[in-house]
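Student: what follows is a predicted protein model with its sequence.
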Amino acid sequence: MDRRQFLTTTAGLALGSFTAAAPAIAQAKTKVRVGYLHTVAVDGQIWTGMDRGSFEKQGLDLELRQFNTGLEIFQALIGGSLDVLATGAVLSNFPARGQGKVFLINDIEVATAQLWVRGDQGIKSFEDLKGKRIATATGTTAHVFLDTALRANKVDPKAVELVNQTMPAAVTAFISGAVPAVALWVPFNVTVRDKVPGAVKLADASAYYPKAAIIGGWAAANDYYEPNKETLAKLIRGWADANDYIIANSTEAMEKLQKGHYSQTPMADIDESFKAQKMFSSRDWKRMYSDGTVTNWLQQSTDFFMANAGIKDFTPASKYFDPSLYLKTIA
């Protein structure tokens with residue numbers, strides 16, 4: 001066999017070996033059942049990562065399932081139909097009750113939560129809300145924000161009547177005139193603005209940042225967390241790739257997000273949703289994981305949820321949030 005024949009034969013054998021191994025590699029992907037909310041602040045990194053192949057490169061196959069509220073997602077997690085979830089402020093609720101382990105933070109929902117009122121029903125200020133009905137989904141980002149906003153404007157939360165509904169139902173009630181006010185999260189503000197021309201945004205969460213910061217992120221099921229840290233580390237790496245891409249290429253990233261996953265939402269509204277959150281690079285988050293900033297923000301929301309539920313014995317953020325996996329994973 002001359003040199004040329006040898007090289008050709010060797011290359012053919014190598015190629016054959018690679019081709020034979022390829023299906024095995026594809027089958028080796030680890031499936032992760034993920035629950036999420038369809039709002040830019042929650043699923044922006046997810047869809048960007050899916051489109052860029054960020055998770056696939058880590059050997060993960062994300063099985064995505066959409067929910068309407070964080071409460072619904074946690075119920076699914078607790079029930080065993082999910083491995084992990086991504087949500088908003090509810091991240092600080094159930095883990096404090098011993099249900100779920102927080103390991104990754106998405107962003108700060110600086111202005112995603114908003115309070116809209118109807119001037120045609122006599123609401124022009126916070127003072128006018130006393131004795132009135134406000135629709136919202138209790139136990140969520142919107143509820144945390146509403147409580148903060150009322151107290152900051154010297155209105156006792158007990159002085160208003162909360163109407164607890166799913167967010168779509170709360171928004172519908174506001175549009176129909178059944179309630180004069182609604183505490184919501186983006187992108188539901190788009191529907192309100194379009195359907196009720198005279199509606200006024202009385203406040204959003206940015207007025208109370210950074211003293212009160214609502215953060216969203218990821219939690220894993222209790223029985224999934226410890227034995228699957230290697231898989232979660234891969235999830236963190238995939239998330240970091242998507243997150244940092246969005247920060248470096250925000251215009252392009254939002255355009256792709258709108259085209260592929262928010263086609264019914266105008267680009268201007270996607271941009272507004274993006275600006276309503278505050279993102280940090282994966283490396284910048286390391287400092288806030290390390291110095292206790294994230295833990296303190298989580299604890300603020302936990303204190304509200306537990307007080308609201310009348311629960312005095314609960315797990316603090318320092319116990320239900322584990323920053324170590326992220327700090328080990330991100331260089």
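Tutor: All right, it came through fine. Numbering: from 1, shown residues only.
Student: now the closest residue to Gln165 other than its chain neighbours, what's its secondary structure?
Tutor: Nearest non-adjacent residue to Gln165, counting by Cβ to Cβ, 6 or more residues apart in numbering: Ala135, 5.6 Å away. Glycine gets a C-beta too; all of them are placed from N, C-alpha and C. Three-state call for Ala135 (DSSP: H, G, I helix; E, B strand; the rest coil): strand.
Student: tally up the residues packed near Ala135, please.
Tutor: Ala135 has 25 neighbouring residues, counting by other Cβ atoms under 10 Å.
Student: ok, Asp120 next?
Tutor: A count of nearby residues for Asp120, using other Cβ under 10 Å, gives 11.
Student: the one 10 residues further on too?
Tutor: Number of residues near Lys130 (other Cβ under 10 Å) recorded here: 11.
Student: so the residue nearest to Gln165 makes contact with Ala173?
Tutor: Yes. At 4.8 Å, Ala135 counts as touching Ala173 under the criterion of Cβ atoms under 8 Å.
Student: overlap of the contact sets of these two?
Tutor: Counting by Cβ atoms under 8 Å, 6 or more residues apart in numbering, the shared contacts of Ala135 and Ala173 are Val163, Gln165, Val179, Val182.
Student: who wins for neighbours among these?
Tutor: Val182 (30 neighbours).
Student: tell me the secondary structure for that residue?
Tutor: What three-state DSSP gives for Val182 is strand.
Student: for it, give me the pLDDT.
Tutor: At Val182, the model reports a pLDDT of 98.
Student: quick one, what contacts it?
Tutor: So Val182 contacts Leu115, Trp116, Ile134, Ala135, Thr136, Ala170, Val171, Ala173, Phe174, Val192 (Cβ under 8 Å, 6+ apart).
Student: what's the closest residue to it other than its chain neighbours in contact with, if anything?
Tutor: Leaving out its chain neighbours, the residue that sits closest to Val182 by Cβ to Cβ, 6+ apart is Phe174, at 3.9 Å. With contact set as Cβ under 8 Å, 6+ apart, Phe174 has these partners: Trp116, Arg118, Ala135, Pro180, Ala181, Val182, Val192, Val196, Ala199.
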